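Undergrad: sequence plus the predicted model coming up.
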Amino acid sequence: ETGVTQSPTHLIKTRGQQVTLRCSSQSGHNTVSWYQQALGQGPQFIFQYYREEENGRGNFPPRFSGLQFPNYSSELNVNALELDDSALYLCASSLQGGVGIQYFGAGTRLSVL
Amino acid sequence: QKEVEQNSGPLSVPEGAIASLNCTYSDRGSQSFFWYRQYSGKSPELIMSIYSNGDKEDGRFTAQLNKASQYVSLLIRDSQPSDSATYLCAAYGNNRLAFGKGNQVVVIP
C-alpha cells in the first residue's frame, strides 16, 4: 500500500459528458501528478500540481484540468469526454525537489461509451 | 522518437532463471530512472530506482544505468511465478516521469 487513494475505482460515462476524479496524496507528500494509461501502453503524463498550482503539463488538451487543495489532495477534471479518453487514470504523489520517486494510487478506470 | 523505449516483446523465462529487461531514453537531462512492476488490472508499483552509472542491487533485482549510452536495464534473478507482470521503465526530468510501453514477463513453473 502506497497511502495514495483514488476515487472512484470505476466510472462509466457517455461521450460529451464531464468527469471529476479525486486523489489523496501520501502523508507528507506535497506534490500530485496525474497520468493516463491506455490499454497496452505506458502511463502518459497529464500534469503535476504543487502548492495548488499547475507545475508542468504534458501533451493533453485544455479540456483536461486540475486542482490541488491546501491538504495536497487533487482533482482531475475532463470536459467533453471523447471515446479515446477511456483509460486508467493514475495519481502519483511525491515530494517536490526530491529525486523523482512517485508512488501511485490504485487508479480510476474510466470507460467512455 | 519516444522519450523512453522498451522494444522487446513478451519474455518467457523458466522458474529460477534470470529475466533481463532493458530500455533506452532520449533526454540526456533525465536525472533519475525507475523500474515499476504492474500486474494486470493494477497500478504500477515501484521496485527499483537508480540515479548514477553502474549497478544497484536490491534482493533479486539488479538495475544498471549507463548514461553515456542512455541505457537502463533490470535483471531479475531466480525468477518466480509471482514475477509474472509487465515491467515499466521510467525516466524522471522536468517534474515528470516518462514511461516506456512496458515489457511483459511470464515465468513458467
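TA: All right, it came through fine.
Undergrad: for the rest of this, base every contact and every neighbour count on C-alpha atoms.
TA: Fine.
Undergrad: just for chain B, where's the confidence low?
TA: B:1 (pLDDT under 70).
Undergrad: could you rerun that using 90?
TA: Applying pLDDT under 90 to chain B flags residues B:1-2, B:7-9, B:94-95.
Undergrad: near chain A, which residues of it?
TA: Residues of chain B lying near chain A by C-alpha under 8 Å from any C-alpha of the partner chain: B:31-32, B:42-46, B:49, B:88, B:92-102.
Undergrad: so of those residues, which ones are in strands?
TA: Using DSSP state E, the members of these that fall in strands are B:32, B:45-46, B:49, B:88, B:92-93, B:96-99.
Undergrad: now for the residues you listed: which two are most distant?
TA: Spatially, the most separated pair among those is B:45 and B:93, at 19.2 Å (C-alpha to C-alpha).
Undergrad: measure residue A:1 to chain B for me?
TA: 9 Å (C-alpha to the nearest C-alpha, to the nearest Å).
Undergrad: and that residue, how many neighbours?
TA: Each residue near residue A:1 was counted by other C-alpha atoms under 10 Å in any protein chain shown, and the total is 9.
Undergrad: contacts only, for it.
TA: Under the criterion of C-alpha atoms under 8 Å, 6 or more residues apart in numbering or on different chains, residue A:1 has no neighbours.
Undergrad: one more: the one 10 residues further on?
TA: With contact taken as C-alpha under 8 Å, 6+ apart, residue A:11 is in contact with A:108-111.
Undergrad: for those, which single residue is the most surrounded?
TA: Most surrounded of the contacts of residue A:11: other C-alpha under 10 Å gives residue A:108, at 22 neighbours.
Undergrad: let's verify the closest residue to chain B within chain A: helix, strand, or coil?
TA: Among the residues of chain A, residue A:42 lies nearest to chain B; the distance is 4.3 Å by C-alpha to the nearest C-alpha. Per DSSP: H, G, I helix; E, B strand; the rest coil, the secondary structure class of residue A:42 is coil.
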